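> with the sequence up front, the predicted model follows.
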Amino acid sequence: MSGPECCNNPPVPDHDPAAPSESGNVLQMASLTCYISGDPDSKIAVILVSDVYGYGAPKLRKLADKVAHAGYYVVVPDLFHGDPFIRKNQLQDWIKYHAPKQAVEFAKPVIKALRGKGISKIGAAGFCWGAKVVVELAKDAYIQAASLLHPTFVNLDDIKGVKVPVAVLGAEYDKISPPELIKQFEATLQAKPEVDHFVKVYLGVAHGWTIRYKDEDMAAVKCAEEAHEDLVDWFDRCLQTTRSAL
């Protein structure tokens, strides 16, 4: 399921998406353009899979830098091949050409490339649209830890199929993945003791808040920062055996 909430508070570009930042660089990996941040010698990586607005969104890159600062090699791939959603278009028409399951096949070579450069463990976080990509990777254990933030298109069968530790971060005011659905996800995971999980509903915020919050809304900013910390803590918890060797 997708809807208008998936497009609220669109990012305002403040740079050329292909240009490097103070913290990261735009490079090619497995034929995809990627924003990459962090120590290239790190043995653990985190892939951030964007919402419909793509890998160039400033707040997503800011979060990538934050995760990188925690010790991870962070990759934000352009799974839309230079064609992110634009508000003047119809979302459902755009989705026809950018189905999450198709993007899973674009993400797999990135994972293979990371393995080829010596990465021993990989976590992935998906935002809205990107959560479906990540949950599909988690069902086949292509990654070692997953996080789904205000997920879109993710259903109970997806959660039942997850084979790696998974975190689900939801919003109180979310018509796409309402708290009731998030609680169903939690109950499903509680019935899978072999899969570690973390589930949390953040109060006072709406779908997309972790990377599309309004800077002037201090409560939303604070809640987004809380979610960011929880995201890093989750990857620390799941991948810490590798981090301790760094």
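That came through fine. Residues are numbered from 1 along each chain as shown.

> so what's the gap between the biggest helix by length in the chain and the chain middle?
Longest helix in the chain, counting residues (DSSP state H): helix 218-243. Here helix 218-243 is found 12 Å from its chain centre; the criterion is CA atoms, centre = their mean, to the nearest Å.

> what residues of it count as buried?
Going by neighbour count (16 or more other CB atoms under 10 Å), the buried part of helix 218-243 is 220, 223-224, 227-228, 230-232, 234-235, 238-239, 242-243. C-beta: built from backbone N, CA, C; applies to glycine.

> count of residues packed around Q92?
Applying other CB atoms under 10 Å, we find 9 residues neighbouring Q92.

> A helix includes it, no?
Yes - looking at Q92 with DSSP: H, G, I helix; E, B strand; the rest coil, it is inside a helix.

> which residue is nearest the middle of this structure?
G126 (2.3 Å; CA atoms, centre = their mean).

> show me what the helix or strand hosting that one packs onto, helices and strands only.
Per DSSP states H and E: G126 is located in strand 121-127. Judged by 3 or more CB pairs under 8 Å, 6 or more residues apart in numbering; DSSP states H and E, the packing partners of strand 121-127 are strand 44-49, helix 100-116, helix 129-139, strand 145-149, helix 218-243.

> returning to what we had before: okay, the angle between the longest helix of the chain and strand 145-149?
170 degrees (axes from the mean of the first three to the mean of the last three CA atoms, to 10 degrees).

> isn't K43 right up against K121?
Yes - K43 is within contact range of K121, at 7.4 Å (criterion: CB atoms under 8 Å).

> including mean pLDDT and distance to C34, could the helices and strands packed on strand 121-127 go into TSV?
What follows is the helices and strands packed on strand 121-127, written out as TSV (pLDDT from 0 to 100; distance: least, CB to CB, whole Å):
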stretch	mean pLDDT	distance to C34
strand 44-49	98	9
helix 100-116	97	7
helix 129-139	98	14
strand 145-149	98	19
helix 218-243	90	18
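
> any chance of a markdown table for those, columns distance to D65?
Output for the helices and strands packed on strand 121-127, formatted as a markdown table (distance: least, CB to CB, whole Å):
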| stretch | distance to D65 |
| --- | --- |
| strand 44-49 | 11 |
| helix 100-116 | 18 |
| helix 129-139 | 18 |
| strand 145-149 | 17 |
| helix 218-243 | 11 |
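
> so which of these gets nearest D83?
helix 100-116 (11.8 Å; CB to CB).
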